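Enquirer: sequence? don't have it. structure:
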């Protein structure tokens, strides 16, 4: 049983809570006079403004009930209000404005009939009936009693309904008024039958235990001699008076799903176990919590079977848990973090008695370190060990006990090995070499005379026949050394499996290492964790408890799988795993016990609210006895239980609700919080939003501190299940633009992850500069700019071509015609001259004019647009070369590479290529005395290579460099960033190579 008093310390501003209800989503609503609050199991949130906005001002809240659709109905001094808990909207109705006889806006209480129509109590003992559309449609006014009319302050405090939906209204007087569905009086029932009851009897309370009858509680004036009578709706008769079966007269009865009936009176609270008939009065315990006698206003049994009470001292929450654990050596703790008697080794002897080592159990002013428990009788023996009087030394703390050949041995929490005489509680120390580290860690009986001990730094052995110990760290050979040994387990082929902080070792009976499972590449089985505390073979697999979770190892397939908190464990530090006969492993951790079903791979976790004496268990403190009972020791004694007797059928499939979500709006420098999100509707975040926070709750109030939440964000890089790091709050710093799906699950009070997921689509809008339309507009803009630039360059090229054509035309027409005239006139003058010396001068003028005219033709050709294709260059080269070779009777071969057909040359390259070619052919024709010339132009590695070769007499390159022809060719090659090489020797011809 857990009783919690909620008040200002938990965020409730006023202790004077008047009424409460649970909405359809599972939130608890609490009214504190003029304020309205909502509780989610973690915080109280003020919703008073939701009500006052609907009313137009403040009011006094008289009663609160839950409607058929999960909405919250409020009766107050300004009418009736209905709150939609999903959209958080409030609607207020004033019955006095619809019904003539309802002359007041004050509504005092709310009731619902079998058709889920609403009735409200107003002053004067009147009732207002509402239609399904929440419109007041009928008014019930009680008839006047003989001699006087109903007082204004009278009120219907109880309203019950039979199968025909007739109402039975009680105002605290002696009458029960039967009212039909149209709010008309059918009959008045006198509950104080004068023939059977004395005049000093008063009616204390009316409650409805069963659908077809009422229980009326009576007592004498002054609260003496209470008794009860039944009123049956079908027979319309009062039954005989009977003694009441509980010590209190309730004004509220609630029945939970586990067989308990909850009773509330104005100053008393209790519950009845219907299976055993035992009634438990909680009044004194509530007074201890509040510090004084309380007046209880209202009670409510929520959907998770938590019992809530509103009173002048705050809000009480009471939860019950079936007792499934037996406890030994525990003491009451004031705070959860306190420590009692810390338990170490647990061992069973041949008679079935349980031997327990502890760090000290205090009783009767003495401290005991060794204990014996008889599970059959429950008897416990506590032993205070001491040395023989003739042996000096300090007392020891036994760590674990073992039995061999009717002797009792133990290793200590330090570095001693002892033999114990239980009759005298005397122990005898055995000389032992220095144990590495801080001492012993575990104890194992290999056979009747050989005991193995694990230490913080390896292993030790001892033979009970001579009690000569051996520390294996000091012995040469392949032994486990310099690692902590935690557990020994019999393994296949007579070997022993040893759990250590460096994985698992398989050792022979002589303690030598056979093989190792760990994280070394040479290990046959790779383990996901190395710090192993315990192993067990169960259901065709090896299960290892580690500091990082539970490991399932398949020795055949040589595979291992790790189960962690992500899978449902309460904590990743597991000390032991003990099997039962129902396919479960029971795990001791630093955060309670966990039950793991091997077949379903689901976890169910237990805590102090389930009866554990402490949440933290210890290494080496576990036992499965021969009768199947499991024992686990921790920081406050031992828990023991028979797993076969635990009901495993119940599943906590609790729904999940979003409390609110918030975001930081960086553009406006503020935080926005949304509390009325409709389930399933999309959540949209703007580009400047970040620091997202989602708060969740599950309507399981048994122990909200144990509720765990996990989430999966589909569409994110890592869409695995992730545990909330902040209790019930999911915090995300930022999200990239995109579409996501957020899924959330809850593990309520240690149960498995619920299959009822909360899901919502999330959309993060991209900034304007990353939006699709911006990209499209940018591409269009870039395309337009490129197009305009293309048009501009095209116009420039056309203008340049026009200028080039104009220059070439002008040069051809003006200079070319003039040179033609000079040539013509020179020829005419030669024909008229007779003197040879005069003819030579004129002939020279003619020749020079012709050379200039030929050079001018080449320049005009290179400048003129339309000849940029390399094919045009090749055509001119071939035309010149073939004409020259024909005039000199020289064989001419001209070859080009087809890959150069579509190549374009600018004016500079075209001119210099042609002139180098022309200069080379002219030199060959004039000076080489050759009979053939060969020209090859090809493409090599994205470059153009021209080779001009003749078979002439060659020349001496040293003397040739003095001329202008070769120098001009080199200069033209440099202008086009090319390389010109000349290879020639006497009588070996000439090869000129140009690469550009």
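Expert: Done, it's in. What you see is a predicted model, and the numbers here were worked out from it, not measured in a lab.

Enquirer: Doesn't residue 875 lie inside a strand?
Expert: No. Read with DSSP: H, G, I helix; E, B strand; the rest coil, residue 875 is helix and lies in no strand.

Enquirer: can you count the residues close to it?
Expert: Neighbour count of residue 875, defined by other Cβ atoms under 10 Å: 12. Every residue, glycine included, has its C-beta placed from N, CA and C.

Enquirer: how near is it to residue 933?
Expert: Applying Cβ to Cβ, to the nearest Å, the value for residue 875 to residue 933 is 17 Å.

Enquirer: Over to residue 485?
Expert: 96 Å.

Enquirer: now do residue 551
Expert: From residue 551 to residue 933 the distance is 88 Å (Cβ to Cβ).

Enquirer: what do you get for residue 648?
Expert: 105 Å.

Enquirer: Show me which of the two is the more surrounded one.
Expert: The residue with more neighbours, out of residue 648 and residue 933, is residue 933; 26 against 14, by other Cβ under 10 Å.

Enquirer: so who does that one touch?
Expert: Residues in contact with residue 933 (Cβ atoms under 8 Å, 6 or more residues apart in numbering) are 881, 885, 890, 891, 892, 893, 921, 924, 925, 948, 949, 950.

Enquirer: again with residue 384
Expert: 366, 367, 368, 369, 425.

Enquirer: helix or strand right after the helix or strand where the fourth one lies?
Expert: Put plainly, it is residue 369. Secondary structure from DSSP states H and E places residue 369 in strand 366-373. Scanning forward in sequence from strand 366-373 by DSSP H and E, the next helix or strand is strand 380-383.

Enquirer: which residues touch the nearest residue to residue 96 once chain neighbours are set aside?
Expert: Spatial nearest neighbour of residue 96, excluding adjacent residues (Cβ to Cβ, 6 or more residues apart in numbering): residue 102 at 4.7 Å. By Cβ under 8 Å, 6+ apart, the residues touching residue 102 are 95, 96, 122, 126, 128, 136, 139.

Enquirer: swap in residue 208?
Expert: 160, 214, 215, 253.

Enquirer: In which helix or strand does the nearest residue to the last one once chain neighbours are set aside reside?
Expert: With Cβ to Cβ, 6+ apart as the measure, residue 207 is the residue that lies nearest to residue 253, at 4.7 Å, once sequence neighbours are left out. Counting by DSSP H and E, the element that carries residue 207 is strand 201-210.

Enquirer: likewise residue 16?
Expert: Per DSSP H and E: nothing holds residue 16, as it lies in no helix or strand.

Enquirer: Residue 34 is in contact with that one, correct?
Expert: No. Applying Cβ atoms under 8 Å as the test, residue 16 and residue 34 come out as separate, 10.6 Å apart.

Enquirer: list the buried ones in stretch 877-884?
Expert: Neighbour counts over stretch 877-884 (16 or more other Cβ atoms under 10 Å) mark 877, 880, 881, 884 as buried.

Enquirer: For residue 255, which non-adjacent residue is closest in space?
Expert: residue 261 (5.3 Å).

Enquirer: which residues does that neighbour contact?
Expert: Per Cβ under 8 Å, 6+ apart, neighbours of residue 261: 253, 254, 255, 271, 272, 274.

Enquirer: Look at residue 549 and report its pLDDT.
Expert: pLDDT, residue 549: 97.

Enquirer: now residue 780
Expert: 89.

Enquirer: What of residue 624?
Expert: For residue 624, pLDDT reads 97.

Enquirer: Neighbours of it, how many?
Expert: Neighbour number of residue 624 under other Cβ under 10 Å is 18.

Enquirer: repeat for residue 948
Expert: 23.

Enquirer: Find the nearest non-adjacent residue to residue 488, please.
Expert: Of all residues not flanking residue 488 in the chain, residue 444 sits nearest, at 3.7 Å (Cβ to Cβ, 6+ apart).

Enquirer: wouldn't the one you found be in contact with residue 485 here?
Expert: No. Applying Cβ under 8 Å as the test, residue 444 and residue 485 come out as separate, 9.4 Å apart.

Enquirer: Give me the more crowded residue out of these two.
Expert: residue 485 (26 against 20).

Enquirer: Run through the bridge partners of the nearest residue to that one once chain neighbours are set aside.
Expert: Leaving aside its chain neighbours, residue 485 sits nearest to residue 454 (3.1 Å; criterion: Cβ to Cβ, 6+ apart). As for beta bridges, residue 454 partners with residue 442, residue 459 under DSSP bridges.

Enquirer: Wait, residue 454 touches residue 488, no?
Expert: Yes. If you go by Cβ under 8 Å, residue 454 and residue 488 touch, sitting 7.1 Å apart.

Enquirer: For those two, list the residues in contact with both.
Expert: Common contacts of residue 454 and residue 488 (Cβ under 8 Å, 6+ apart): 442, 444, 498.

Enquirer: Going by distance to residue 570, which of these wins?
Expert: Using Cβ to Cβ, residue 442 comes nearest to residue 570 of the shared contacts of residue 454 and residue 488, at 24.3 Å.

Enquirer: mind listing what that closest one touches?
Expert: Shown in contact with residue 442 (Cβ under 8 Å, 6+ apart): 400, 453, 454, 485, 486, 487, 488, 620.

Enquirer: Could you rerun that using 10 Å?
Expert: 345, 399-400, 411, 452-455, 459, 484-488, 498-499, 533-534, 619-620 (Cβ atoms under 10 Å, 6 or more residues apart in numbering).

Enquirer: circling back: wait, the residue nearest to residue 485 touches residue 499, no?
Expert: Yes. Assessed by Cβ atoms under 10 Å, residue 454 is found in contact with residue 499 at 8.7 Å.

Enquirer: Mutual contacts of these two, please.
Expert: With Cβ under 10 Å, 6+ apart as the test, residue 454 and residue 499 both reach 442, 484, 485, 486, 487, 488.

Enquirer: any chance of those residues in TSV, plus distance to residue 727, pLDDT and secondary structure?
Expert: Output for the shared contacts of residue 454 and residue 499, formatted as TSV (distance: Cβ to Cβ, whole Å; pLDDT from 0 to 100; DSSP: H, G, I helix; E, B strand; the rest coil):
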residue	distance to residue 727	pLDDT	secondary structure
442	37	94	strand
484	34	95	coil
485	38	96	strand
486	33	96	strand
487	34	97	strand
488	40	97	strand
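
Enquirer: what's the farthest-apart pair in the residues you listed?
Expert: Spanning the widest gap among the shared contacts of residue 454 and residue 499 are 484 and 488, at 13.1 Å by Cβ to Cβ.

Enquirer: Between those two, which contacts overlap?
Expert: Common contact partners of residue 484 and residue 488 (Cβ under 10 Å, 6+ apart): 442, 454, 499.

Enquirer: hmm, back to that, I'd like to know how far the residue nearest to residue 485 sits from residue 229.
Expert: 72 Å.

Enquirer: Which one's more surrounded, the two?
Expert: Ranked by neighbour count (other Cβ under 10 Å), residue 454 and residue 229 place residue 454 first, with 26 against 19.

Enquirer: Strands of the stretch 651-800 of the chain, start to end?
Expert: Secondary structure of the stretch 651-800 of the chain (DSSP state E, counting those that start in this stretch): strands at 657-665, 670-674, 683-685, 689-697, 708-714, 722-723, 729-732, 738-747, 758-764.

Enquirer: ok, now the stretch 251-400 of the chain?
Expert: Under DSSP E, counting those that start in this stretch, the stretch 251-400 of the chain gives strands at 252-255, 260-264, 269-273, 278-281, 296-301, 307-311, 314-319, 326-328, 343-348, 354-363, 366-373, 380-383, 398-404.
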